[in-house]
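Asks: requesting a structural model of the entry that follows:
(one chain, ligands or ions: 1)
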Amino acid sequence: MRRPLVAGNWKLNGSRAENARLLEGVLAGLGPESPCEAVVCPPFVYLDQVRSLLEGSAIALGAQNLSAEASGAFTGEVSAAMLRDMGCRYVIVGHSERRALYGETDELVARKFLAAHSEGLSPVLCVGESLQERQDGITNDVILRQVNAVLERVDIQMLSSSLVAYEPVWAIGTGQTATTGQAQDVHAYIRSIVSAHDAKIAAELRILYGGSVKGSNARDLFAMDDIDGGLIGGASLDPADFVAICKSAHP
Ligand code: PGA
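Replies: Numbers count the residues shown, from 1 in each chain. Next up is the predicted model:
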């Protein structure tokens, strides 16, 4: 049985005051026992604040990115060990905004995935096609390339403590969610790619959907066989919406 996970990706948003208000609403709405595994991923500078606000709660801490390097002369970077030191359990790797806006290649994404594992963090590996790629009918080719770029460089056993997030680029922040059928098809395909390496690990792998998930559409998406929760951007900044999404995810 795969326990669903819902992660809030706050992106470049928040302030000390806003974070406190947001988490107050989320913690009150979720109650002591979250129905799913809930995670929030604030900007680096707020990790410590958010960690203390989450103390004693069921919500785990994650980061939005990390360096592929362990330490040294890499100005502006944050390492896996630092994230672990700050109490992170999860880290998003290869988000499409990192790939598109900051030039992260498949190879760099794989190195970040390895860096996360080297410190015992669970990476959430993001994959997804652009609108053009979907229209060209090459969605599966893109997904295969992105997933295999990691699988070829890591020990398959690492997938048993990792997550994959399918986030069609055209659905991120656009209000245009993939249909449940479109999402399920790609999720099943991702599971089959992993299954070709190890069927048991594939069966246990949690695959999240991301891209304009809201309280109003989460339940239908999460009801699909191969959708094991969500990676939530905009709606994770609204306590009522984030709580509604978490409550839509149960085993
Ligand atoms: P969105 O973002 O929910 O705002 O579409 C999802 C994501 O980028 O992870």
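
Asks: switch to C-alpha atoms for all contacts and neighbour counts from now on
Replies: Fine.

Asks: the chain against the ligand: which residues are in contact?
Replies: 9, 171-173, 210-213, 231-235 (C-alpha under 6 Å from any ligand atom).

Asks: how about 5 Å then?
Replies: Taking C-alpha under 5 Å from any ligand atom as the contact definition, the chain meets the ligand at 172-173, 210-212, 232-234.

Asks: tell me the secondary structure for residue 197?
Replies: Remark: residue 197 carries the secondary structure label coil [criterion: DSSP: H, G, I helix; E, B strand; the rest coil].

Asks: hmm, it is touching residue 156, no?
Replies: Yes. Residue 197 lies in contact with residue 156 (C-alpha atoms under 8 Å); the separation is 7.1 Å.

Asks: helices and strands around the helix or strand where residue 191 lies, which ones?
Replies: If you go by DSSP states H and E, residue 191 is part of helix 180-195. Secondary structure elements in contact with helix 180-195, counted by 3 or more C-alpha pairs under 8 Å, 6 or more residues apart in numbering; DSSP states H and E, are helix 139-151, strand 163-166, helix 199-204, helix 218-222.

Asks: before we move on, back to that, now the two most distant members of the residues of the chain next to the ligand.
Replies: Using C-alpha to C-alpha, the residues of the chain next to the ligand reach their maximum pairwise distance at 210 and 234, which is 10.6 Å.

Asks: of those two, which one has the most company?
Replies: Comparing residue 210 with residue 234 by other C-alpha atoms under 10 Å, the one with more neighbours is residue 210, at 28 against 21.

Asks: just the closest of the residues of the chain next to the ligand to residue 38, please.
Replies: Proximity of the residues of the chain next to the ligand to residue 38 (C-alpha to C-alpha) peaks at residue 232, which lies at 10.9 Å.

Asks: run a quick neighbour tally on the residue found closest to that closest one once you drop the neighbours it is linked to in the chain.
Replies: Distances taken as C-alpha to C-alpha, 6 or more residues apart in numbering place residue 8 nearest to residue 232, at 4.8 Å, with adjacent residues excluded. Applying the criterion other C-alpha under 10 Å, we find 23 residues in the vicinity of residue 8.

Asks: can I assume residue 8 sits in a strand?
Replies: Yes. In this structure, residue 8 lies within a strand as judged by three-state DSSP.

Asks: now do the contacts for it.
Replies: Applying C-alpha atoms under 8 Å, 6 or more residues apart in numbering, we find residue 8 in contact with 39-41, 231-233, 236-237, 242.

Asks: now these in CSV, with neighbour count?
Replies: Putting these into CSV (neighbours: other C-alpha atoms under 10 Å) gives the following:
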residue, neighbour count
39, 22
40, 26
41, 26
231, 27
232, 27
233, 22
236, 27
237, 21
242, 28
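
Asks: now, the residues you listed that are in helices?
Replies: Secondary structure of these is defined by DSSP state H; positions in helices are residue 242.

Asks: thanks a lot, see you next time.
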